[in-house]
Every structure is written in structure tokens, then in C-alpha cells.
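Asker: Structure for this input, please:
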Amino acid sequence: MGRHLIQRIAIGVGLLVAAHGNASGQSHYDANMAVGVRAGADISRNFFNPSVKQLMKPGGLAGVTFRYVEENHFGLIAELNFIQRGWQENFEESPYVYKRTIDYLQLPVLAHIYFGGRGRFFINAGPLVGLRLGDSVDCNFDTSATSDLPDFPKWHNIYQYDEPITQKVDYGICGGLGGEFNITKRNSLSLEARFYYGLGNLFGSSRKDRFNASNSMAVEFALGYWFRFK
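Answerer: Numbers count the residues shown, from 1 in each chain. Got it, this is the predicted structure:
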């Protein structure tokens with residue numbers, strides 16, 4: 001279901017880009033290029049099947065960016081980001097804490113559609129691929145002995161604690177909305193909110209594995225600085 005929706009969104013973006021290219025093909029536009037940096041925060045969780053009760057887990061992000069604008073209102077963006085994702089479990093009234101942080105180096109390639117002059121509104125959308133650098137756990141109980149804890153919630157899924165993260169590569173799609181303000185002709189600041197939906201699983205998902213699905217979702221908020229060099 002989710003993948004069919006993603007395919008429809010991708011087709012819609014492609015048609016919008018093609019329509020814009022046909023409409024603006026007759027006008028002249030001087031291409032420009034810019035480099036920049038971005039930093040901010042994200043909140044993430046995982047879609048587990050069987051399910052795991054969770055809260056949104058906060059993390060950080062930082063990266064470098066490159067933008068190429070070939071036509072008026074349309075361009076392409078490539079980024080190289082360090083980002084923290086993962087999940088935080090919800091034990092309701094019980095005093096337990098379990099957070100798993102997964103560090104990624106990710107490369108998004110995004111279509112960039114913008115409107116306006118000195119102050120711009122923009123839409124970014126496209127695929128990304130990420131390389132897992134490592135992961136860490138913040139926990140206040142022994143995950144191998146939950147049966148010895150008298151007040152540990154009996155309904156809580158515990159299989160994810162000793163399940164190794166087997167997937168080194170993460171991939172998915174993302175889309176964002178934001179604004180950009182030109183400080184000078186060559187310098188600008190941007191603010192963006194972005195949604196990410198992972199298409200790959202953290203854990204193995206074959207019939208012999210415990211989880212049928214373990215893909216991630218995140219919402220990012222980032223402040224960016226751009227320097228136009230052409």
C-alpha cells in the first residue's frame with residue numbers, strides 16, 4: 001500500500017517537472033550553482049511488525065549541500081548528511097527507558113521547485129540512500145532478563161532487544177517544504193521541514209525472522225546557509 005502511494009507521488013512530481021519544462025522551454029534563464037551547509041534536528045520512529053509501542057525519538061543532523069538551477073523555478077539538490085535516527089520505546093507508567101540511536105551518512109538527490117523573488121517558497125522531493133555508521137543503546141534495565149523484572153509490562157514486545165541490525169544500507173524517499181531569504185545576491189538562508197519514509201528494513205524480514213517489517217520514518221527540521229558561486 002505504502003509503496004503504491006510513493007510510486008504515485010513520484011509520477012506526479014515527474015509530470016509536474018515535465019509540464020514546467022515544456023512551459024518554460026521558450027524563455028531564457030541563466031543557470032546558477034550554489035553550495036551550502038545545513039543543521040538541525042529530527043524526530044524518528046520505526047514501523048515494526050509485530051508492533052512495538054514507541055515515542056518519537058529526537059536526534060541531530062548536519063550536512064553539506066550543492067544546488068544546480070538550470071531553469072527558472074526548477075533545479076536539483078544533492079546533499080551529504082550525517083543524521084541520527086532510531087526509536088524510543090513507550091512503557092507508559094513503568095519506569096523503564098530504552099532508546100536506540102542509529103547513525104547514518106546519507107545522500108539525498110532532490111528535485112527543487114521554487115517560487116518567488118528575494119523571499120522564496122520551495123518544495124524538495126526525491127530519493128535518498130544512507131550508509132549505517134553504527135548504533136548505540138540507552139537503557140536502564142537488563143534486556144536479557146526482562147522476565148525477572150516484576151513490573152515489566154507483559155504486553156511489551158522484547159524481541160527487538162537482541163535482534164542485530166543486519167542492514168548496512170538504508171534507502172527511501174523524502175519530501176520537504178520551506179522558505180529561503182536572500183541576504184545578498186550571493187548569500188541566503190533557508191528553513192525547511194522534511195518528511196522521510198524508509199523503504200528498507202533494519203532487521204531481516206524473511207519467513208524465519210521475527211519481524212516482517214522494521215522500516216523507519218522521520219521528520220526533520222533544518223536551517224541552511226547557501227553561497228551562490230555562479
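Asker: mind showing which ranges of the protein have poor pLDDT?
Answerer: Low-confidence segments of the chain, defined by pLDDT under 70: 1-29.
Asker: ranges for the helices of it?
Answerer: Ranges of helices within the chain are 2-24, based on DSSP state H.
Asker: Any idea which residue is closest to the centre of it?
Answerer: Most central in the chain under CA atoms, centre = their mean is Tyr196, positioned 3.6 Å from the mean C-alpha point.
Asker: Okay, it and Asn124: tell me how far apart.
Answerer: To Asn124, Tyr196 is 12 Å away according to CB to CB, to the nearest Å. Bear in mind the C-beta positions are built from the backbone N, C-alpha and C, glycine included.
Asker: just checking, Phe66 touches Gly75?
Answerer: No. With contacts counted by CB atoms under 8 Å, Phe66 stays clear of Gly75, the gap being 10.4 Å.
Asker: Out of those two, name the residue with the larger neighbour count.
Answerer: The neighbour count for Phe66 versus Gly75, taken as other CB atoms under 10 Å, is higher for Gly75 (21 against 13).
Asker: Tell me who's in contact with that one.
Answerer: Residues near Gly75 by CB atoms under 8 Å, 6 or more residues apart in numbering: Arg67, Tyr68, Val69, His112, Tyr114.
Asker: Disregarding flanking residues, what is the spatial nearest neighbour of it?
Answerer: Of all residues not flanking Gly75 in the chain, Val69 sits nearest, at 3.4 Å (CB to CB, 6 or more residues apart in numbering).
Asker: got it, and Leu128?
Answerer: The nearest residue in space to Leu128 (CB to CB, 6+ apart) is Pro108, at 3.7 Å.
Asker: cool, Leu61 as well?
Answerer: Nearest residue to Leu61 in three dimensions, chain neighbours excluded: Ile83, at 4.2 Å (CB to CB, 6+ apart).
Asker: again with Asn46
Answerer: Trp87 (4.5 Å).
Asker: What count of nearby residues applies to the closest residue to Arg100 other than its chain neighbours?
Answerer: Nearest non-adjacent residue to Arg100, counting by CB to CB, 6+ apart: Gly86, 4.6 Å away. A total of 25 residues lie near Gly86 under the criterion other CB under 10 Å.
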